[in-house]
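>>> generate coordinates for the sequence data below:
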Amino acid sequence: MSRFMPAETSDFAVDEARLIVADLFHHKPILYWIDFAISYSIAAGATIVYFAEPNFSWLQIVMWVVAGFAIFRTGVFIHEIVHMPARHMTGFKVVWNVLFGLPMLTPSFMYANHRDHHNRRHYGTAKDGEYLPMGVENREIILRYLLQILLLPAFAMFRFFVLTPLTLIVPPLRRWVLERASSYVCNPEYRRELPPNEDRSWWLPAEIGCLLLMIVLIVGIATTTLHWWIIAEIYVLGMLGVGLNWFRNLLAHRYCNRGGELTHAQQLLDSITIGGWSPVVPLLFPVGMRYHALHHLFPAIPYHNLGEAHRRLMAQLPADSPYRKTVSPGLRAVLSELWRRPKSEQELAYLRPRIASRAA
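The predicted structure follows:
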């Protein structure tokens with residue numbers, strides 16, 4: 001157990017909370033289809049204008065921002081997909097992958113490792129690919145994390161344009177690629193487990209689809225069908241779309257664990273709910289992402305019910321419920337708390353009772 005997190009919170013009744021939201025676990029497919037269709041249409045339309053306009057024109061810059069945020073929102077549906085049961089909303093999963101996942105080099109199998117982030121024994125450890133101790137280590141770890149945004153599209157391109165054909169030429173290499181280079185993670189120690197009963201039959205066709213799309217792009221440039229600078233435009237747009245999610249993830253947790261196993265209550269307290277109201281919040285936390293602590297409490301609640309679930313819990317849980325301690329008043333408070341994380345043992349000594357008080 002981490003020495004920087006509170007002891008088990010015995011007064012947090014998960015069963016009581018579950019009863020409050022018991023009717024909110026059902027997906028409404030029509031909402032997914034409508035939301036995806038609108039988000040995808042905005043992303044596609046803005047992207048077309050972005051490519052058509054002269055470089056650095058005011059309209060191109062505006063469309064870059066609009067397309068980036070729309071791509072971000074459309075892409076976040078991958079989070080919903082990995083939490084759905086295997087045979088649930090299959091049509092939506094296929095359409096999302098064909099229309100968005102493959103063109104953006106983000107087929108949903110690349111995010112299936114997200115389940116480790118919700119595994120009680122893996123959360124915040126080396127087996128959690130989405131966690132770094134950014135709340136208790138030197139601030140440089142935050143800066144290194146943010147600087148990776150510049151390289152994220154390059155990582156994706158390398159994965160499918162270089163590693164995919166290599167695994168076809170050198171089959172023994174494939175297992176290493178699946179374990180160490182087939183997950184969107186920030187933790188360099190992470191190694192993906194490959195359960196023997198996992199359905200991986202569609203992984204290689206999806207990889208080949210991504211590879212073929214990149215080949216078409218390169219052939220188009222080589223034959224002057226496409227201008228050479230299209231690669232730079234694609235890269236910058238992709239960097240914004242995926243970078244927004246990278247930044248959003250920075251504000252999802254307090255990141256106070258240095259690798260020890262945490263209890264369920266500790267994981268809840270290490271997660272954040274973005275409270276208050278700001279027009280920026282829906283843009284930076286689309287598809288229910290502002291309720292991240294609630295999501296860790298009940299991962300199966302679909303995004304369209306998270307707001308209602310949060311309101312019920314805040315209204316009906318006891319005044320001293322640890323769930324209330326997850327709510328931050330706004331973005332500035334979350335950023336300020338994360339940035340002010342201590343670097344010395346003296347500061348950590350101050351931090352420990354402050355964190356512990358959240359479970360008191």
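
>>> end-to-end on stretch 98-109?
Taking C-alpha to C-alpha, to the nearest Å, stretch 98-109 runs 13 Å from one end to the other.

>>> my error: substitute stretch 265-279 in the last question.
Its first and final residues considered, stretch 265-279 spans 31 Å by C-alpha to C-alpha.

>>> now for this structure, the helix or strand with the poorest mean pLDDT.
Taking all helices and strands of the chain together, the one with the lowest average confidence (mean pLDDT, DSSP states H and E) is helix 345-357, at a mean of 38.

>>> may I see the buried residues of stretch 63-71?
Neighbour-count burial for stretch 63-71 flags 63-64, 66-71 (criterion: 16 or more other C-beta atoms under 10 Å). Every C-beta, even on glycine, is put in place using the N, C-alpha and C of the backbone.

>>> what's the answer for stretch 29-42, then?
Using 16+ other C-beta under 10 Å as the burial criterion, the residues of stretch 29-42 that qualify are 32, 35-36, 39-40, 42.

>>> was I right to think Phe77 contacts Gly288?
No - counting by C-beta atoms under 8 Å, Phe77 stays clear of Gly288, with 10.9 Å between them.

>>> quick one: contacts of stretch 59-67?
Residues outside stretch 59-67 that contact it (C-beta atoms under 8 Å, 6 or more residues apart in numbering): 42-43, 46-47, 49-50, 53-54, 236-237, 240-241.

>>> among the residues you listed, which ones are buried?
Buried subset of the contacts of stretch 59-67 (neighbour count, 16+ other C-beta under 10 Å): 42-43, 46-47, 50, 53, 237, 240-241.

>>> so which of those sit within helices?
Judged by DSSP state H, the buried ones among the contacts of stretch 59-67 include 42-43, 46-47, 50, 237, 240-241 as members of helices.

>>> which helix or which strand is home to Glu16?
Assigning secondary structure by DSSP states H and E places Glu16 in helix 14-20.

>>> packing partners for that helix?
If contacts are counted by 3 or more C-beta pairs under 8 Å, 6 or more residues apart in numbering; DSSP states H and E, helix 14-20 sits against helix 303-316.

>>> C-alpha coordinates for the helix it packs on, CSV please?
Only the C-alpha atoms of helix 303-316 are listed here, as CSV (Å, rounded to 0.1, in the frame of the first residue of the first chain):
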residue,chain,number,x,y,z
TYR,A,303,-21.5,8.2,-20.3
HIS,A,304,-25.0,9.6,-20.9
ASN,A,305,-26.1,8.6,-17.3
LEU,A,306,-23.0,9.8,-15.4
GLY,A,307,-24.4,13.3,-14.8
GLU,A,308,-27.6,12.0,-13.3
ALA,A,309,-25.7,9.4,-11.3
HIS,A,310,-23.5,12.1,-9.9
ARG,A,311,-26.4,14.3,-8.9
ARG,A,312,-28.1,11.4,-7.1
LEU,A,313,-25.0,10.5,-5.2
MET,A,314,-24.3,14.0,-4.1
ALA,A,315,-28.0,14.4,-3.0
GLN,A,316,-28.3,11.1,-1.2
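
>>> using JSON lines, lay out the buried residues of stretch 29-42 together with secondary structure.
Supplementary listing: the buried residues of stretch 29-42 in JSON lines, determined by DSSP: H, G, I helix; E, B strand; the rest coil:
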{"residue": "Tyr32", "secondary structure": "helix"}
{"residue": "Asp35", "secondary structure": "helix"}
{"residue": "Phe36", "secondary structure": "helix"}
{"residue": "Ser39", "secondary structure": "helix"}
{"residue": "Tyr40", "secondary structure": "helix"}
{"residue": "Ile42", "secondary structure": "helix"}
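
>>> nearest to Leu226 among those?
If you rank the buried residues of stretch 29-42 by distance to Leu226 using C-beta to C-beta, Tyr40 comes first, at 22.4 Å.

>>> residue contacts, the closest one?
Contacts here follow C-beta under 8 Å, 6+ apart; on that basis Tyr40 touches 70, 74, 99-100.

>>> and for Gly288?
With contact taken as C-beta under 8 Å, 6+ apart, Gly288 is in contact with 295, 302-304, 306-307.

>>> now do Leu294
For Leu294, the residues meeting the contact criterion (C-beta under 8 Å, 6+ apart) are 273, 301, 306, 309-310, 313, 323, 326.

>>> what score does it have for pLDDT?
In this model, Leu294 is scored at 97, pLDDT.

>>> would you check how far apart it and Tyr303 are?
With the distance defined as C-beta to C-beta, to the nearest Å, Leu294 ends up 11 Å from Tyr303.
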